[in-house]
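# Following is a predicted model, sequence given first.
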Amino acid sequence: MSETASKGQDYESSLSKATASVAAFEKRKGLVPQIQSALHATPALVPLVVLVLSIVTFGVLLGSKFFSPFALTLILQQVQIVGIVAAAQSLVILTAGIDLSVGAIMVLSSVVMGQFTFRYGIPAPISIMAGLMCGTLMGFINGWLVAKIKLPPFIVTLGMWQIVLATNFLYSANETIRSQDIEAEAPMLQFFGNVIQVGSARLTFGALFMLLLFVLLAYILNQTAWGRHVYAVGDDKEAAELSGIKTNKVIITVYMASGLICAFAGWALIGRIGSVSPTSGQLANIESITAVVIGGISLFGGRGAVMGSLFGALIVGVFTLGLRLLGADAQWTYLLIGVLIISAVAVDQWIRKASA
């Protein structure tokens, strides 16, 4: 009789647990949990909505002054460097890392391209390849220290930022290679500065490269095994190792890809400013993190869409140009971008509860 009572109690306990589970499931079927789940599934949706609303708002306030092919393509030109570097930063942050050296790698790569051409007389195509290899090597060192030596990404890239920055100034002797000299002797260095005119719209090769880069990375991250491994490492490195993923190899290749992309940004930087300057692009590391955070990629890794970083960079560009055309003080731009950064992190925390 006591055994029957015990079985009855177990049955009632199981039934109450099942009822509680059903109640919890029903509770999550409300509007707010559905929004959380939708944003969790498509993390680039929030920055896309913010971008569209920003464009519409400034379009209403400024009319044709803002809503014109020239103004809208000008935004692409202005954010092309930050956008390319943000693409590199996105890969690293998706693995739950961070790269504070992206701006320094970008500038050093551009300096190598310029110095190889003008100091050593090496043909521009070979000099460009040397610059791309330089960026990739810097990325490899970062990745090796993080993956093999197990040093924190923040410390590694902070130190690398200082080392590369010092190397940049020592190697270049703080000398700028002028635009006129590049145009006369090595115009290929300014390739990304070439303009395609379509009516009143002006698109540089650098802006087109940025757009194509994001499309390529979106495909790789979503459709290839390597891309899925990047997300897996960022989500849970230990679990990824147990599932057979070579996590160290993934981390090293991510940092190498980041370094290579930063080197391309250095080439695009020459086209953007026309010259090779060791003092340019010093804020690229902070600006790239800003674009990534506003773009909805989680700083905890493993979640986010690389296209969100493009939207994040464009949001900053829209606010910068829109407020400038309105005649507002430049400090308002920094204020609003600061609000967007904090809001983006708050939204990310809120969305993460959907998977908790």
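Great, that's in hand.
# where exactly do the strands run in the stretch 51-200 of the chain?
Assigned by DSSP state E, counting those that start in this stretch, the stretch 51-200 of the chain shows strands spanning 195-198.
# give me the low-pLDDT residue ranges for it?
Nowhere does the stretch 51-200 of the chain drop to pLDDT under 70.
# which residues touch Ala201?
Residues near Ala201 by CB atoms under 8 Å, 6 or more residues apart in numbering: 69-70, 72-73. Any C-beta I mention is one placed from the backbone N, CA and C, and that applies to glycine too.
# now those residues: which count as buried?
Burial by neighbour count, 16 or more other CB atoms under 10 Å: within these this picks out 72-73.
# In terms of distance to Met256, which of the contacts of Ala201 ranks first?
Nearest to Met256 among the contacts of Ala201 is Thr73, at 32.2 Å by CB to CB.
# how much space between the closest one and Val345?
Shown here: Thr73 relative to Val345, a distance of 31 Å by CB to CB, to the nearest Å.
# Also Tyr219?
Relative to Val345, and taking CB to CB, Tyr219 is found at 28 Å.
# would a markdown table of the contacts of Ala201 with distance to Leu335 be doable?
Listed next are the contacts of Ala201 as a markdown table, based on distance: CB to CB, whole Å:
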| residue | distance to Leu335 |
| --- | --- |
| Pro69 | 29 |
| Phe70 | 27 |
| Leu72 | 24 |
| Thr73 | 27 |
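# ok, which pair from the contacts of Ala201 is furthest apart?
Pairwise over these, using CB to CB, the maximum falls at Phe70 and Leu72, 7.5 Å.
# Within the helices and strands, which one has the residue nearest to Phe58 when sequence neighbours are not counted?
The spatially closest residue to Phe58, leaving aside those adjacent along the chain, is Gly322, at 3.6 Å (CB to CB, 6 or more residues apart in numbering). Gly322 belongs to helix 306-325 when assigned by DSSP states H and E.
# Buried residues, the helix or strand just after that helix. List them.
For helix 306-325, the following helix or strand on the C-terminal side (DSSP H and E) is helix 330-352. Buried residues in helix 330-352, counted by 16+ other CB under 10 Å: 333, 336-337, 340, 344, 347-348, 351.
# between these, which is nearest Pro47?
Nearest to Pro47 out of the buried residues of helix 330-352 is Ala344 (CB to CB; 7.7 Å).
# so that closest one touches Ile294, yeah?
Yes: with contact defined as CB atoms under 8 Å, Ala344 and Ile294 form a contacting pair (5.0 Å).
# who touches both of the two?
Common neighbours of Ala344 and Ile294 (CB under 8 Å, 6+ apart) are 47, 312.
# Excluding residues flanking it in the chain, which one is nearest the most centrally placed residue in the chain?
In the chain, the C-alpha nearest the mean C-alpha coordinate belongs to Ala86, at 2.8 Å (CA atoms, centre = their mean). Nearest residue to Ala86 in three dimensions, chain neighbours excluded: Ala291, at 3.9 Å (CB to CB, 6+ apart).
# Just give me the neighbour total for that neighbour.
30 (other CB atoms under 10 Å).
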